[in-house]
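Asker: got a structure for you, letters missing:
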């Protein structure tokens, strides 16, 4: 894992959705490269450090095994079809709960919030997910205040975002929250994030 | 490389900019998964199929070696700091020229257009790049009609886009052009690309 006093870890798993993870990775990576004086670093991690294959087929070799990861300040949990088996994997859910104890800020993208819900971490809290999974999120824990038509929900130690590309917006919000609005604007400029969807 | 009659290849190299490549990869991957009946596939490739490390540190194992790649319909060339040594690598530039002969559509993201320019492929044509490299693009070939303040430039067999995140807009444009506006809108909906930059 790269040097830096404060660390962001992005958890990867088989069939993670590629842009869910790499959108925030780019935002945080651009922040780290643009302003190393802020003292942040970002790295990818997986169970055992195993190579993973995304939902659309991208093959990534994570930087570190979760078992060997240093303490994190932020854990990013992406979505993707690969979340589905994890929802019923009690060993994994126990790990997620242990991260809640150890990591000040959990940030999910897309259906990553389903796993946080299955772990019981969203009980009684506002949260969101991909538009096609809003009902699934509600069904996993009826006490969740499911927010529709938002890009992300910042509930303090837990931030959840909507589908896929919304992770970019959430990550810029986190740069603003963790450092400053000015820094987040600089990062936005570096990655030329002035979106103009052509259709 | 996955099955499919029509193929999109994304060329990766050391220090490619992560979102330059994975933004379009997500758009095209979502298209392929959403509408397999359209007959398209997308894969990553590198020289010799070697593992590559992005500009921000992401480690990717490409699907295929460029030497073994089947005929492509579209070649996506991302940018990143890794383009700089390639600008002076005559063997690589010759390969780029050979792709021009073999591939109907070349699409660059960010500073990928610098390499196309160095290979002589943008002479007398409109093109763009990352905002910080517009002057560099002009200096590589003064005959280029450098376009500023646009997300992408579609010049028929060559499409160039602005920095980093603009590759997402360009890729959606290409889905519309290669298939239909309706299909591109569906893909946009799948990846929930309703951007709301928070800063």
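Answerer: Structure received. Keep in mind that what you see is a predicted model, and the values were worked out from it rather than measured.

Asker: the helices in chain A, which residues?
Answerer: A:18-34, A:83-86, A:90-102, A:112-118, A:134-140, A:166-178, A:181-190 (DSSP state H).

Asker: the longest one and chain B in contact?
Answerer: Yes. With Cβ under 8 Å from any Cβ of the partner chain as the measure, helix A:18-34 is seen reaching chain B through A:18-19, A:22-23, A:25-26, A:29-30, A:32-33. Placement of C-beta: from N, CA and C, glycine included.

Asker: between those, which has the most around it?
Answerer: residue A:19 (37 neighbours; other Cβ atoms under 10 Å in any protein chain shown).

Asker: right, and that residue touches residue B:23 too?
Answerer: Yes. Between residue A:19 and residue B:23 there is a contact at 6.7 Å, judged by Cβ atoms under 8 Å.

Asker: poorly predicted segments of chain A, please.
Answerer: Residue ranges of chain A with pLDDT under 70: A:1-4.

Asker: now the most centrally placed residue in it. Nearest residue, chain neighbours left out?
Answerer: Among the residues of chain A, residue A:76 comes closest to the average C-alpha position under Cα atoms, centre = their mean, at 2.8 Å. Ranked by Cβ to Cβ, 6 or more residues apart in numbering or on different chains and with sequence neighbours excluded, the top spatial neighbour of residue A:76 is residue A:10, at 4.4 Å.

Asker: what are the bridge partners for that neighbour, then?
Answerer: With DSSP bridges applied, residue A:10 shows beta-bridge pairing to residue A:44, residue A:76.

Asker: that one against residue A:42, yeah?
Answerer: Yes. Using Cβ under 8 Å, residue A:10 is in contact with residue A:42, at 6.8 Å.

Asker: got any residues that touch both of these two?
Answerer: Residues touching both residue A:10 and residue A:42 by Cβ atoms under 8 Å, 6 or more residues apart in numbering or on different chains: residue A:25.

Asker: return the residues in contact with the residue nearest to the centre of chain A.
Answerer: Per Cβ under 8 Å, 6+ apart, neighbours of residue A:76: A:8-11, A:21, A:24, A:107-109, A:112, A:167, A:171.

Asker: and with 7 Å instead?
Answerer: A:8, A:10-11, A:24, A:107, A:109 (Cβ atoms under 7 Å, 6 or more residues apart in numbering or on different chains).

Asker: cool, and residue A:16?
Answerer: So, once contact is read as Cβ under 7 Å, 6+ apart, residue A:16 ends up touching A:52, A:54-55, A:78, A:80, A:82.

Asker: could you redo the last one with a cut-off of 10 Å?
Answerer: When contacts are counted by Cβ atoms under 10 Å, 6 or more residues apart in numbering or on different chains, residue A:16 is found next to A:10, A:22, A:44, A:46, A:52-56, A:58, A:60, A:77-83, A:109-112.

Asker: any of those residues buried? List them.
Answerer: Buried members of the contacts of residue A:16, counted by 16 or more other Cβ atoms under 10 Å in any protein chain shown: A:10, A:22, A:44, A:46, A:52-56, A:58, A:60, A:77-80, A:82-83, A:109-112.

Asker: can you check which residues contact both of residue A:19 and residue B:23?
Answerer: A:26, A:165, A:168, B:168, B:191, B:193.

Asker: may I see the contacts of residue A:76 organised as a markdown table, with distance to residue A:91 added?
Answerer: Shown next, in a markdown table, are those (distance: Cβ to Cβ, whole Å):
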| residue | distance to residue A:91 |
| --- | --- |
| A:8 | 24 |
| A:10 | 20 |
| A:11 | 15 |
| A:24 | 25 |
| A:107 | 22 |
| A:109 | 23 |
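
Asker: which of those residues lies closest to residue B:129?
Answerer: Of all the contacts of residue A:76, residue B:129 sits closest to residue A:24, with 24.4 Å by Cβ to Cβ.

Asker: tell me who's in contact with the closest one.
Answerer: A:8, A:10, A:42, A:74, A:76, A:78, A:107, A:109, A:161, A:167-172, A:174-175, B:19 are the contacts of residue A:24 under Cβ under 10 Å, 6+ apart.

Asker: again, 6 Å this time
Answerer: With contact taken as Cβ atoms under 6 Å, 6 or more residues apart in numbering or on different chains, residue A:24 is in contact with A:76, A:167, A:171.

Asker: repeat that for residue A:195.
Answerer: So, once contact is read as Cβ under 6 Å, 6+ apart, residue A:195 ends up touching residue B:195.

Asker: from the contacts of residue A:16, which land in strands?
Answerer: Within these, residues falling in strands by DSSP state E are A:10, A:44, A:46, A:52-53, A:60, A:77.

Asker: what parts of chain A come near chain B?
Answerer: Within chain A, the positions near chain B by Cβ under 6 Å from any Cβ of the partner chain are A:18-19, A:22, A:26, A:29, A:56, A:59-61, A:151, A:162-166, A:169, A:172-173, A:176, A:181, A:184-185, A:188, A:191-193, A:195-199.

Asker: give me the buried subset of the residues you listed.
Answerer: The neighbour count (16+ other Cβ under 10 Å) marks A:18-19, A:22, A:26, A:29, A:56, A:60-61, A:151, A:162-166, A:169, A:172-173, A:176, A:184, A:188, A:191-193, A:195, A:197-199 as buried among these.

Asker: my read: residue A:160 touches residue A:151, true?
Answerer: No. At 10.4 Å, residue A:160 does not count as touching residue A:151 under the criterion of Cβ atoms under 6 Å.

Asker: which member of the ones in strands among the contacts of residue A:16 is positioned nearest chain B?
Answerer: residue A:60 (5.8 Å; Cβ to the nearest Cβ).
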